[in-house]
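Colleague: Here's a sequence, model it:
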Amino acid sequence: MRVLVTNDDGISAPGLAALASAVASSPSYDVVVAAPQEEASGMSSALTAVVSDGEIVFRPAGISDLSAYGVAASPAYIVVLASLGVFGPPPDLVLSGINRGVNAGRAVLHSATVGAALTAANYGMRAMAVSLDVLHPEASVSAASGGNAIVLPSDDVLNWGAAATTAVSLMGALEETPRGTVLNVNVPDRPGPAELREATLASFGQAGIAVAEAGEGFVRTTIERVNEPLVPGTDLALLAEGYATVTALRPPAEVGGVRIPSQRRVPS
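Modeller: Okay, here's the model as predicted:
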């Protein structure tokens, strides 16, 4: 089974290598890696690329012994390119991650990690977005903004392997989902495996944008923790309890049962 592994942290991110290597260790999967040349966080499902003379450039990248490419494009665009056979046979499954930080709650709307997976689902593939919780209670915070401004821990102390193991354990379940399904997976940052729980989406994300400074003609923003009450059974609440979470998502769809005014003809 052909598997595309991509991300939004960039081709050099340790989470990408951990996920691709873990999946490739199974003889059941033929893995190709294609990820942005630079970080592309927060792009949702944007289809953007750096074009030179009409060409989107991609270059080989060294990730174990895998076929891997750094692409001058957004994660969602990379998924589209893969579906067109740019990096070899089109994938059956798409894995996006492992992201540096959770993608939870309704804030997944803005995540390029989840956006890549939703794009794959929109093209009829099955996909999984995988993220690692780096803002656990022991993580440090800045003294600015009342101690809420986020300072991420160093990549080399994070437990990428635990998240990769969780993702691999869900591959069979992903294959059995209906086409066009996304599994959004968030894993606590701990050395060993965490117990998995099905979760609903929290009504907010783990972090949000706040205004740090405003003046005449400018504003400066910062990313801060969201201090909202946790609702039991949601992804953020279960993560706070030490569980890994999985939530099934699907691409945007129409809403039934909404009363729409009848169309009126405009007099000529």
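
Colleague: what's the least confident helix or strand in this protein, going by average pLDDT?
Modeller: strand 218-225 (a mean of 79; mean pLDDT, DSSP states H and E).

Colleague: Mind jotting down where the helices sit in the stretch 151-268 of the chain?
Modeller: Taking DSSP state H, counting those that start in this stretch as the criterion, the stretch 151-268 of the chain contains helices spanning 160-169, 171-176, 235-240.

Colleague: If we go by neighbour counts, what in the first one is buried?
Modeller: Along helix 160-169, these residues count as buried under the neighbour rule (16 or more other CB atoms under 10 Å): Trp160, Gly161, Ala162, Ala163, Ala164, Thr165, Thr166, Ala167, Val168. Heads up, the C-betas are built off the backbone N, CA and C, glycines and all.

Colleague: got the CA coordinates for that helix in PDB?
Modeller: Extracted in PDB, the C-alpha atoms of helix 160-169 (Å, rounded to 0.1, in the frame of the first residue of the first chain):
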ATOM      1  CA  TRP A 160       8.800  11.700  18.700                       C
ATOM      2  CA  GLY A 161       9.000   7.900  18.900                       C
ATOM      3  CA  ALA A 162       6.000   7.600  21.200                       C
ATOM      4  CA  ALA A 163       3.800   9.500  18.800                       C
ATOM      5  CA  ALA A 164       5.100   7.500  15.800                       C
ATOM      6  CA  THR A 165       4.300   4.300  17.600                       C
ATOM      7  CA  THR A 166       0.800   5.500  18.300                       C
ATOM      8  CA  ALA A 167       0.300   6.400  14.600                       C
ATOM      9  CA  VAL A 168       1.500   3.000  13.400                       C
ATOM     10  CA  SER A 169      -0.900   1.200  15.800                       C
END
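
Colleague: Output the contacting helices and strands for that helix.
Modeller: helix 14-24, strand 93-100, strand 126-133, strand 182-188 (3 or more CB pairs under 8 Å, 6 or more residues apart in numbering; DSSP states H and E).

Colleague: Kindly report the same for the last one.
Modeller: When contacts are defined as 3+ CB pairs under 8 Å, 6+ apart, helix 235-240 sits against strand 182-188, strand 244-249.

Colleague: switch the cut-off to 6 Å
Modeller: Helices and strands in packing contact with helix 235-240 are listed as strand 244-249; criterion 3 or more CB pairs under 6 Å, 6 or more residues apart in numbering; DSSP states H and E.

Colleague: for the protein, what are the low-confidence residue spans?
Modeller: Low-confidence segments of the chain, defined by pLDDT under 70: 136-151, 224, 264, 268.

Colleague: in what helix or strand does the residue most central in space within it lie?
Modeller: In the chain, the centroid-proximal residue (CA atoms, centre = their mean) is Thr113; its distance is 2.1 Å. Using DSSP states H and E, Thr113 maps to helix 112-122.

Colleague: Could you give the separation of that helix from the chain centroid?
Modeller: 8 Å (CA atoms, centre = their mean, to the nearest Å).

Colleague: could you give the angle of it to strand 93-100?
Modeller: 170 degrees (axes from the mean of the first three to the mean of the last three CA atoms, to 10 degrees).

Colleague: Okay, buried residues for helix 112-122 please.
Modeller: Across helix 112-122, burial judged by 16+ other CB under 10 Å covers Ala112, Thr113, Val114, Gly115, Ala116, Ala117, Leu118, Thr119, Ala120, Ala121, Asn122.
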